[in-house]
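J.: prediction below, plus the sequence it came from.
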Amino acid sequence: MTPDESTHGMWSNRWLFVLAAAGSAVGLGNIWKFPYIAGENGGGVFVVAYLFCVALVGIPVMVAEVLIGRQGRQSPINSMRLLVQRSEGSQAWTLIGWAGVVAGFLILSFYSVIAGWGLYYIGELASGGFVGVDGNTATQALAELHSNPILMSVFHTVFMGITIFIVARGVVSGLERAIRWLMPLLFVLLIVLLGYGIASGGFAEGFDFMFALRWDALSFDGLLVALGHAAFTLSIGMGAIMAYGAYVPRSVSITRTVITIAMLDTVVALIAGLAIFSIVFANGLEPGSGPGLMFVTVPRAFGQMSLGALFGGIFFILVSFAAITSAISLTEPAIAFLVEEYNASRSRVAVSLGVACWLLGLASVFSFNVWSDVYVVGEKTVFDSIDYLTANIMLPLGAFFIALFAGYVLPRGTVMSQLGITSESAMAIWTVGLKVIAPLGVLAVFLYTIWPSG
Ligand code: PFF
C-alpha cells in the first residue's frame, strides 16, 4: 500500500465518489420524508429554510467528514484515532467514530423495514392492486401490511439480503458496481416520474405548493425541522461519508465535490416533491397527510390515473433503489472497522453484521403488530425509539462534534493542504463555518428536539 491509499479499496474516479456519496444521501429521506415534512411545514418557505441549512451547516460538516476520512484513510474509528494521536487531542474524540458505527447499525435495522414496504409496494402497484381505490381502502392496505409480521419480515429479509450481498463484495466490485447502475437508473426514473407528474395536470399546483413563499407559514419549528432534515438527508453525523471519504483519491477537490453531492441530493428531493405533489393535486388529494403520504396518498393517486399501475410500480422501484444505495453506506463504518480490527474477510464480516442487524430489525417489524403496545420510552415503540434516538440525538450530536473537531482540533496545515486552501480569506470562511455557524446551528436543533415539549 502506498501511504495515501486505503486498504479497503479506492473509488475509481471523482464521479464514482460523487455517485456513491449522492447514493448515500439520496434515500427514503428525499422521497418519503422531504415531501411530507415540506407539506406539513408550509411548502415554499420550508424549502427555502432547508436550502439555507444545507448550505450553512450541511456542506461544511460534509466537507469535514470527507477531509477526516481522506486524511485517516481507514474506518471512521481508526481514522479518528490516528488524527487524534497526530494532533495530540483527547482520545475522547474517537467516540465520534464509535457512535457512528452504532448509529449506522441502528438506522439500518429500521431503514430495512421501511425499505421492505417499498419493495412490497412495487408488486402491489404494478399488479393493479391500487386501481380505483378510495382513501379508506388505501389506508386499510397499509394497515394490513403492518398487521402482518410475516409479510413484513419477508420483505425486510429481502432488502437486508440485497444490501449485504452488495456490501460483502467490497468497495470496487460491490459498492461501485451497484452504484454505477443504480444511480443513473434512479435519475432516469425520477425524470420519467416528473414527466408523468407534469402530464397529470397537477404540475402548476404542485410547483406553487413547493415554491410559493407563504411567509405566514414560516415557524421556528419549521426552521428546526429543516435543519434536522438537512443532516439526515446528507447522511452526515455518523461517519458514513467519513468512511467513503477514506476511499477518495488525493487529486479530487473536496469542496467542489461536496457541493456537487449536496446539489444532487437537493435536486432529487425537489424533483421527487414536484412529481409527488403534481400527482397528488391532479387527483384532488391532501398534500399535508404526514408519513402516510408515500404509502397511502401516492398509491391512491396512481390508482386513479391512466397507466397508474405501471408508473406506480416505477415509483416504488425508484424508492427501493434510493434506499439500497443509502443502506450500503450505513454499513461501511462498521464493516471497515471490523475488517481492520480482526483482519477478517469482508464477506464474513458483512454477513455477521447483516444477520445481527436483521435480528434487531425484527423488533421494528414487531413494533407495528405483536409488540405495538410495548413501549421503550414514553409512548414510543422499539421502532419509534430507535428512529428518535438516531435521527434526533445521535446524528445531530455526531455532526456537532465533527464540526468542533475539524474546527478546533485538526491542525490548520492539514485542513489547508486537504482542501487546497491557499488564501487567508478562504480559510476564514472555513473557520467561521466550522467553528461557529455549523455547531451553533446543530446545537439549536438538538436542544429543541430533546426538549420535553419539543
Ligand atoms: N441520507 C439518507 C436518506 O436521506 O434517506 C439516510 C441516511 C443514510 C442517513 C446514511 C445516514 C446515513 F449514514
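T.: All right, it came through fine. Numbering: from 1, shown residues only.
J.: how near is the nearest residue to Trp93 once chain neighbours are set aside to Gly97?
T.: Nearest non-adjacent residue to Trp93, counting by Cβ to Cβ, 6 or more residues apart in numbering: Val84, 5.0 Å away. Where C-beta positions appear, they are placed from N, C-alpha and C, glycine not excepted. Taken as Cβ to Cβ, to the nearest Å, the spacing of Val84 relative to Gly97 amounts to 10 Å.
J.: the more surrounded of these two?
T.: Each of Val84 and Gly97 had its neighbours counted (other Cβ atoms under 10 Å), and the higher figure belongs to Gly97 (26 against 21).
J.: which strand or helix spans that one?
T.: Using DSSP states H and E, Gly97 sits in helix 95-126.
J.: what residues sit buried inside that helix?
T.: 96-97, 99-101, 103-122, 124-126 (16 or more other Cβ atoms under 10 Å).
J.: quick one: average confidence on the host helix or strand of Gly206?
T.: Take DSSP H and E as the rule and Gly206 turns out to sit in helix 203-211. Per-residue pLDDT values over helix 203-211 give a mean of 92.
J.: who touches it?
T.: The contact list for helix 203-211, computed with Cβ atoms under 8 Å, 6 or more residues apart in numbering, reads 38-39, 43-44, 47, 197, 270, 273-282, 287.
J.: restricted to helices, list the residues you listed.
T.: In helices, defined here by DSSP state H, the members of the contacts of helix 203-211 are 38-39, 44, 47, 197, 270, 273-282.
J.: what sits against the residue of the stretch 101-250 of the chain found nearest the ligand?
T.: Across the stretch 101-250 of the chain, no residue is closer to the ligand than Ala240, which sits at 3.1 Å (Cβ to the nearest ligand atom). Under the criterion of Cβ under 8 Å, 6+ apart, the neighbours of Ala240 are 24, 100, 104, 329-330, 332-333.
J.: kindly identify which of the residues you listed also come near the ligand.
T.: The subset of the contacts of Ala240 lying close to the ligand, counting by Cβ under 6 Å from any ligand atom, consists of 24, 104, 329-330.
J.: tally of neighbours for Arg348?
T.: Neighbours of Arg348 using other Cβ under 10 Å come to 13.
J.: quick check: it is in a strand.
T.: No. For Arg348, which was evaluated using DSSP: H, G, I helix; E, B strand; the rest coil, the result is helix, with no strand membership.
J.: how close does it get to the ligand?
T.: Distance, Arg348 to the ligand, by Cβ to the nearest ligand atom, to the nearest Å: 23 Å.
J.: Ala438 now?
T.: As defined by Cβ to the nearest ligand atom, Ala438 lies at a distance of 17 Å from the ligand.
J.: that residue: neighbouring residues, count only.
T.: Once other Cβ under 10 Å is used to define contacts, Ala438 is seen to have 27 neighbours.
J.: with the one 10 residues further on instead?
T.: Tyr448 is flanked by 19 other residues according to other Cβ under 10 Å.
J.: contacts for stretch 109-121, please.
T.: Stretch 109-121 has contacts (Cβ under 8 Å, 6+ apart) with 27-28, 32, 142, 145, 151-152, 154-160, 163, 295, 299, 312, 316, 319-320, 323-324, 326-327, 330, 357-358, 360-361, 363-365, 383, 386-387.
J.: run the last query once more with 7 Å
T.: The contact list for stretch 109-121, computed with Cβ atoms under 7 Å, 6 or more residues apart in numbering, reads 28, 145, 152, 155-156, 158-160, 163, 295, 299, 316, 319-320, 323, 327, 330, 357, 360-361, 364-365, 383, 386-387.
J.: and stretch 136-152, by the same measure?
T.: 113, 116-117, 120, 130, 292, 295-296, 299-300, 365-366, 368-370.
J.: filter those residues down to the ones in helices?
T.: By the criterion of DSSP H, membership of the contacts of stretch 136-152 in helices covers 113, 116-117, 120, 299-300, 365-366.
J.: going by neighbour count, list what's buried in the top helix by length along the chain.
T.: When the chain is scanned for its longest helix (criterion: DSSP H), the result is helix 308-342. Neighbour-count burial for helix 308-342, counted by 16+ other Cβ under 10 Å, picks out 308-309, 311-339.
J.: stretch 164-180 now?
T.: Here stretch 164-180 shows 164-171, 174-176, 178-179 as buried, counting by 16+ other Cβ under 10 Å.
J.: now, the residues you listed that are in helices?
T.: Judged by DSSP H, the buried residues of stretch 164-180 include 164-168, 178-179 as members of helices.
J.: pLDDT on the helix or strand where Leu227 lies, on average?
T.: Following DSSP H and E, one finds Leu227 within helix 220-233. Looking at helix 220-233 alone, the average pLDDT works out to 84.
J.: can you tell me the closest non-neighbouring residue to Leu223?
T.: In space, and not counting its chain neighbours, Leu223 is closest to Ala49: 5.0 Å by Cβ to Cβ, 6+ apart.
J.: which residues does the helix or strand hosting that neighbour contact?
T.: In this structure, Ala49 sits in helix 44-53 according to DSSP H and E. When contacts are taken as Cβ under 7 Å, 6+ apart, the neighbours of helix 44-53 outside the stretch itself are 38, 210-215, 217-218, 222-223, 226-227, 229-230, 266.
J.: do that helix and the ligand meet at all?
T.: No. Among the residues of helix 44-53, none lie within reach of the ligand under Cβ under 6 Å from any ligand atom; the closest is 12.4 Å away.
J.: about what we covered before: buried ones in the following helix or strand past the helix holding Gly97, by neighbour count?
T.: Following the chain from helix 95-126 toward its C-terminal end, the next helix or strand by DSSP H and E is helix 135-146. Along helix 135-146, these residues count as buried under the neighbour rule (16+ other Cβ under 10 Å): 138-139, 141-142, 145-146.
J.: about what we covered before: can you add distance to the ligand and give the ones in helices among the contacts of stretch 136-152 back as TSV?
T.: Rendered in TSV, the data for the ones in helices among the contacts of stretch 136-152 read as follows (distance: Cβ to the nearest ligand atom, whole Å):
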residue	distance to the ligand
Val113	14
Gly116	15
Trp117	14
Tyr120	18
Pro299	20
Arg300	23
Val365	19
Phe366	23
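J.: in space, what's closest to the residue in the stretch 351-454 of the chain that the ligand sits nearest to - neighbours in sequence excluded?
T.: Of the stretch 351-454 of the chain, the residue with the smallest distance to the ligand, taken as Cβ to the nearest ligand atom, is Leu395 at 6.7 Å. Distances taken as Cβ to Cβ, 6+ apart put Gly237 closest to Leu395, at 3.7 Å, once the chain neighbours are dropped.
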